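Enquirer: I need the structure of the sequence given here:
(one chain, ligands or ions: 2)
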Amino acid sequence: MTTFSETFGTAPDGAWRAPGRVNLIGEHTDYNDGLVLPIALPNQISVTASAREDGVVAVSTNGQKGVIEFALDSLEPGSVTDWATYPAGMAWILRESGYAIGGANLFVDSDLPTGAGLSSSAALLCATGVALLGLRGIEVDPAEVARLAQKAENSYVGAPVGLMDQMASMCCTSGHALYFDIRAMSTEQIPFDPEAEGLTLLVIDVKAPHRHVDGEYAARRKSCENAAAALGVPALRSIALADLDDALSRLSDDVDRRRVRHVVTEIDRVEQAVALMHAGRLRDVGPLFTASHASLRDDFEITVPELDVAVDTALAAGALGARMTGGGFGGCIIALVETAKADETFTAIEKAFQEHGFRTPSSLAATPSPGASKLN
Ligand code: ADP
Ligand code: MG
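Expert: Ligands and ions are numbered 1, 2, ... in the order given. Here you go, the predicted model:
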């Protein structure tokens with residue numbers, strides 16, 4: 001609050017928050033009309049805010065000096081740059097969609113690592129959205145805010161992201177994973193409370209330098225689209241696991257075949273994980289994580305040495321399962337470990353990274369946390 005008042009010379013009207021997320025399983029299935037299973041993290045972005053009546057939005061962030069201002073009326077894609085593209089994009093889409101938001105002072109604070117694949121971008125969009133709406137007392141369904149945040153990221157920021165991150169940031173609940181079926185556009189809260197079972201879900205940021213992520217992402221999407229077209233289906237979701245061998249035999253390109261095998265088996269693994277969670281068999285979910293990683297490494301080819309070493313070391317240290325999570329080529333792994341072994345697992349990974357000459361990794365314990373809300 002002090003920082004807000006120091007920055008804007010006025011008292012705030014309230015504060016809102018939106019969390020980052022980590023996907024438990026279901027990687028690169030979203031653009032194949034598939035299934036994903038994210039949890040919201042305890043790490044979040046908060047937006048402390050006050051209303052202004054001059055139609056101007058002024059934004060400031062803890063990480064950087066200065067205030068960036070833009071007039072709501074003149075917002076259009078490209079008109080605001082730098083980190084402020086995110087709050088500007090959210091203000092723009094809310095206005096475009098007819099919501100009667102007004103000017104505001106917004107102060108952003110965060111304990112969520114940026115650019116680590118934990119979706120600080122979606123958290124920033126969602127936190128800005130609930131703040132701008134909350135300042136004016138406008139109530140909007142959380143899934144609708146998620147949809148608008150995705151539109152802002154696609155059309156204003158210019159990032160071709162799916163809807164998982166925003167849905168997780170808006171719709172997750174404490175002690176649950178969000179089972180999101182992209183084809184049906186339906187969600188279900190799945191009980192997932194590792195701590196209650198004596199388990200810890202470690203999230204380890206491997207700090208790998210980014211390597212051609214955008215081009216590789218586009219190439220994977222194209223492979224999946226080509227294969228779906230060759231198989232005569234709208235999306236790879238339409239290929240059931242029982243029909244996989246038949247589908248593979250009808251594809252001539254070996255790379256496309258492996259991409260398809262990843263997507264179809266990964267969607268099946270999400271269904272298996274959900275069934276195990278419903279049955280309270282959390283420990284049995286571990287091997288599905290490990291199988292998912294192998295598929296992403298060998299068939300989808302989106303891991304890097306840091307991710308593979310982190311996963312292998314976690315497993316060697318006794319993790320029940322481990323996998324890369326997020327888009328790949330860097331970012332984070334998750335490891336499901338007995339809580340008593342959590343510290344030594346991370347220490348083993350630190351040591352392995354030192355031996356390989358990798359950067360120093362960092363870790364956080366991922367307690368399944370609630371989606372966006374008003375703070376005070
Ligand atoms: P990720 O979503 O995986 O964290 P992205 O590259 O999609 O990575 O989004 C990161 C961008 O989001 C940053 O470069 C910055 O522009 C913006 N951002 C995230 N957190 C903050 C913050 N606390 N303050 C200002 N901008 C932020
Ligand atoms: Mg992002």
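
Enquirer: report the buried residues of the helix or strand containing residue 295.
Expert: Assigned by DSSP states H and E, residue 295 belongs to helix 286-298. The neighbour-count check on helix 286-298 (16 or more other CB atoms under 10 Å) flags 286, 288, 289, 290, 291, 292, 293, 295, 296, 297 as buried. From N, CA and C alone the C-beta is placed, and that goes for glycine too.

Enquirer: do you know how far residue 296 is from residue 27?
Expert: 6 Å (CB to CB, to the nearest Å).

Enquirer: revised request: answer the last question for residue 237.
Expert: In this view, residue 237 and residue 27 are 14 Å apart by CB to CB.

Enquirer: so for these two, which residue has more residues nearby?
Expert: Using other CB atoms under 10 Å as the criterion, residue 237 and residue 27 rank with residue 27 on top: 26 against 20.

Enquirer: pull up the gap between the more buried one and residue 303, please.
Expert: 11 Å.

Enquirer: now swap in residue 122 and tell me
Expert: Distance, residue 122 to residue 303, by CB to CB: 23 Å.

Enquirer: got the contact list for residue 277?
Expert: Counting by CB atoms under 8 Å, 6 or more residues apart in numbering, residue 277 touches 177, 190, 191, 192, 285.

Enquirer: got the buried residues for stretch 221-241?
Expert: In terms of neighbour count (16+ other CB under 10 Å), stretch 221-241 has its buried residues at 223, 224, 226, 227, 228, 231, 233, 235, 236, 237, 238, 239.

Enquirer: do stretch 95-108 as well
Expert: For stretch 95-108, a neighbour-count test (16+ other CB under 10 Å) marks 95, 99, 101, 102, 103, 104, 105, 106, 107, 108 as buried.

Enquirer: okay, now the residue of the stretch 51-200 of the chain at minimum distance from ligand 2: neighbour count?
Expert: Of all residues in the stretch 51-200 of the chain, residue 121 sits closest to ligand 2, at 3.2 Å by CB to the ion. The burial count assigned to residue 121 is 25, neighbours taken as other CB under 10 Å.

Enquirer: thought it was touching residue 156?
Expert: No: taking contacts as CB atoms under 8 Å, residue 121 lies outside contact range of residue 156: 11.6 Å.

Enquirer: flag the shaky bits of the stretch 201-350 of the chain, pLDDT-wise.
Expert: The model of the stretch 201-350 of the chain has pLDDT under 70 over residues 210-212.

Enquirer: which residues in it form strands?
Expert: Assigned by DSSP state E, counting those that start in this stretch, the strands in the stretch 201-350 of the chain fall at 321-325, 332-338.

Enquirer: dump those strands into JSON lines; add distance to residue 7 as well.
Expert: Converted to JSON lines, the strands of the stretch 201-350 of the chain look like this (distance: least, CB to CB, whole Å):
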{"stretch": "strand 321-325", "distance to residue 7": "35"}
{"stretch": "strand 332-338", "distance to residue 7": "31"}
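
Enquirer: dump those to a markdown table, plus distance to ligand 2 and mean neighbour count.
Expert: Shown next, in a markdown table, are the strands of the stretch 201-350 of the chain (distance: least, CB to the ion, whole Å; neighbours: other CB atoms under 10 Å):
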| stretch | distance to ligand 2 | mean neighbour count |
| --- | --- | --- |
| strand 321-325 | 13 | 28 |
| strand 332-338 | 12 | 26 |
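
Enquirer: which one of those strands lies closest to ligand 1?
Expert: Nearest of those to ligand 1, taken as CB to the nearest ligand atom: strand 332-338 at 9.2 Å.

Enquirer: get me the contact residues on the stretch 1-150 of the chain for ligand 1.
Expert: Within the stretch 1-150 of the chain, the residues that sit near ligand 1 (CB under 6 Å from any ligand atom) are 45, 61, 63, 83, 86, 108, 110, 114-121, 124.

Enquirer: from residue 125, how far out is the spatially closest residue to residue 164 that is not a sequence neighbour?
Expert: Distances taken as CB to CB, 6 or more residues apart in numbering put residue 36 closest to residue 164, at 4.8 Å, once the chain neighbours are dropped. For residue 36, the distance to residue 125 (CB to CB) stands at 18 Å.

Enquirer: and if you look at residue 224?
Expert: 26 Å.

Enquirer: again with residue 370
Expert: Counting by CB to CB, the gap from residue 370 to residue 125 is 17 Å.

Enquirer: circling back: give me the common contacts of residue 296 and residue 27.
Expert: Overlap of the contact sets of residue 296 and residue 27 (by CB under 8 Å, 6+ apart) consists of 323, 324, 328.

Enquirer: which of the residues you listed lies closest to residue 69?
Expert: Among these, residue 328 lies closest to residue 69 (CB to CB), at 37.1 Å.

Enquirer: tell me the buried residues in the helix or strand containing residue 351?
Expert: Assigned by DSSP H and E, residue 351 falls within helix 342-356. Burial within helix 342-356, assessed by neighbour count using 16+ other CB under 10 Å, is assigned to 342, 345, 346, 348, 349, 350, 352, 353.
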